[in-house]
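In: Just to be clear, the model below is a prediction. Sequence and coordinates:
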Amino acid sequence: MSVLLAIGLCLGRGARHSARTVVAQGNLRQVAVGLELYFRKFFNYPAESDDLVTPLSPFVGDPRVFRNPLDDEPVPGRTLSLLYHQPTPAQIDSPHFYVTALLSTDRSTAVILKTGGIVERHDGLHLPPDDLRQAALTLDLQWGRYRSPGASLAGPAGPTGPDEPEGEPLSGAVNLNPKNNNDFEFELRRPDGSTLTRDHLHASGGSLDFSGPAAWIRFTPKGNGNQNSLTLDGKPYEVSNARTYVITGGAIQTHVYNSSKSGGKATGKWWLAVNAAHATITASK
């Protein structure tokens, strides 16, 4: 009897989650309509800020569409606003660029809105539980501005053609600790040969924010476990703070930033987010 009861409870929770996901998908479709009407009037999408509700409210009939039915957010629209990335002018007329999303409480399910009014559901995710802006970055790197339309980094790389670089899909984020100490290595080499190093991060006092391509990256992560979320060829790739890693490959896109909101050097709040269709990662012994 207890087994049957447990099965019934699991089925009930699954049904409720599916129903809430359907509502979330409907909400995002309405948000997509609001964004389209906003664009027709202002010839652009709203700018990124802490509030997406105010600019879109005149274009959305029912304010309940801003709610996140997958989570008990304190203020309706907070999830949409903090997860929102304003598409560039070149992306507005192209489908499959990440715009915003609604997340489940455990951050394992995301309902994503892309340009072109495309709404998708993704399960089995491991997004940061306490930082919606970092979750937005992760979603944007995996399904957004650095992706080719229709490409997928979640599955196997597939056969490599004669003109394609070697390597496998790599994505995710790692926590850095770039103290002024050789034990905490970090160096990012751009395609033009210029570099971004641990010393640049340390000297910026937490203000440096870099997004762009990389030809080569060396880093020693700050910690282990949940704070690092790299996946290689769709499978978790664990990193250890006792080892130094080197990433090489083609078309590597990165974002290096400090998640601290309190200012100061915030050495433990540095993050490296990376997304590449073909990459190789090696670890020191």
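Out: Right, received. Where do you want to start?

In: so where's the stretch 1-150 of the chain uncertain?
Out: Counting by pLDDT under 70, the stretch 1-150 of the chain contains low-confidence residues at 1-14, 141-150.

In: show me where the stretch 151-285 of the chain has strands.
Out: Assigned by DSSP state E, counting those that start in this stretch, the stretch 151-285 of the chain shows strands spanning 168-176, 186-189, 195-197, 210-219, 231-232, 235-236, 245-258, 270-283.

In: Please tell me how far the closest residue to Thr109 other than its chain neighbours sits from His17.
Out: Take Thr109 and drop its neighbours on the chain: the residue closest to it by C-beta to C-beta, 6 or more residues apart in numbering is Asp123, 5.2 Å away. The way it works is simple: take the backbone N, C-alpha and C, and place the C-beta from them, glycine included. Remark: distance between Asp123 and His17 (C-beta to C-beta, to the nearest Å) = 10 Å.

In: So which elements touch the helix or strand where Leu56 lies?
Out: If you go by DSSP states H and E, Leu56 is part of helix 53-56. Helices and strands touching helix 53-56, as assessed by 3 or more C-beta pairs under 8 Å, 6 or more residues apart in numbering; DSSP states H and E, comprise helix 2-42.

In: Between Asp123 and His17, which contacts overlap?
Out: Residues touching both Asp123 and His17 (C-beta atoms under 8 Å, 6 or more residues apart in numbering): Thr109.

In: Run through the residues that contact Ile281.
Out: Taking C-beta under 8 Å, 6+ apart, we find Ile281 in contact with Leu170, Leu230, Leu232, Tyr237, Tyr245, Val246, Ile247.

In: Could you tell me the model confidence score at the closest residue to the second one other than its chain neighbours?
Out: Think Leu230. Nearest residue to Leu230, sequence neighbours excluded (C-beta to C-beta, 6+ apart): Gly172, at 3.9 Å. On pLDDT, Gly172 comes in at 86.

In: what's the span of stretch 111-129 from first residue to last?
Out: Stretch 111-129 has its terminal residues 16 Å apart, counting by C-alpha to C-alpha, to the nearest Å.

In: what's it in contact with?
Out: Defining contact as C-beta under 8 Å, 6+ apart, one finds that stretch 111-129 is touched by 21, 24-25, 28-29, 31-33, 36, 70, 87, 91-103, 106-110, 134-135, 138-139, 143, 173, 226, 229, 236.

In: hmm, back to that, gap between the helix or strand just after the helix holding Leu56 and the chain center?
Out: Downstream of helix 53-56, the first helix or strand assigned by DSSP H and E is helix 78-82. With C-alpha atoms, centre = their mean, to the nearest Å as the basis, helix 78-82 stands 14 Å off its chain's centre.

In: and helix 78-82, what does it pack onto?
Out: Partner elements for helix 78-82 (3+ C-beta pairs under 8 Å, 6+ apart): strand 98-103, helix 132-143.
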